[in-house]
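Student: Provide a 3D model corresponding to the input given below.
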Amino acid sequence: SLLSVVPIMIHDKHRFEMYGYDVMLDEGLRPWLIEVNASPSMSVDSKTDYELKSALFHDVLNVIDMEKQFVDGTETRRARVGGFDLIHHDGVVIEQNLS
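Tutor: Numbering: from 1, shown residues only. Take a look at the predicted model:
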């Protein structure tokens, strides 16, 4: 879904955006994308919600790599960061084996 809107996204290396995906699972546990939110709510109303969103912020900070932990000396970014696959970095990244 993100690759389809890359041409209209604001490309600024000094900022990032977080999207909220609403997904439902059917009786066969197949996911169905309901909608994508450009400004998901980050308010919390339960302990579980707090734990989920705290973990999300932790993952977001790992992915944006502000401390440059995931860049080697040649500035080549790893294909995997915190369990996430790098699919776009100033162009589509194609990695044959992400495992």
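
Student: what's the host helix or strand of residue 55 packed up against?
Tutor: Taking DSSP states H and E as the criterion, the element that holds residue 55 is helix 47-64. Packed against helix 47-64, as judged by 3 or more CB pairs under 8 Å, 6 or more residues apart in numbering; DSSP states H and E, are no other helices or strands. Every residue, glycine included, has its C-beta placed from N, CA and C.

Student: Flag every buried residue along it.
Tutor: Buried residues in helix 47-64, counting neighbours by 16 or more other CB atoms under 10 Å, are found at residue 62.

Student: swap in stretch 3-12?
Tutor: Those buried within stretch 3-12 under the rule 16+ other CB under 10 Å: there are none.

Student: for the record, mean pLDDT for that stretch?
Tutor: For stretch 3-12, the per-residue pLDDT values average out at 72.

Student: Now do the end-to-end distance for it.
Tutor: As for stretch 3-12, its first-to-last residue distance stands at 16 Å under the measure CA to CA, to the nearest Å.
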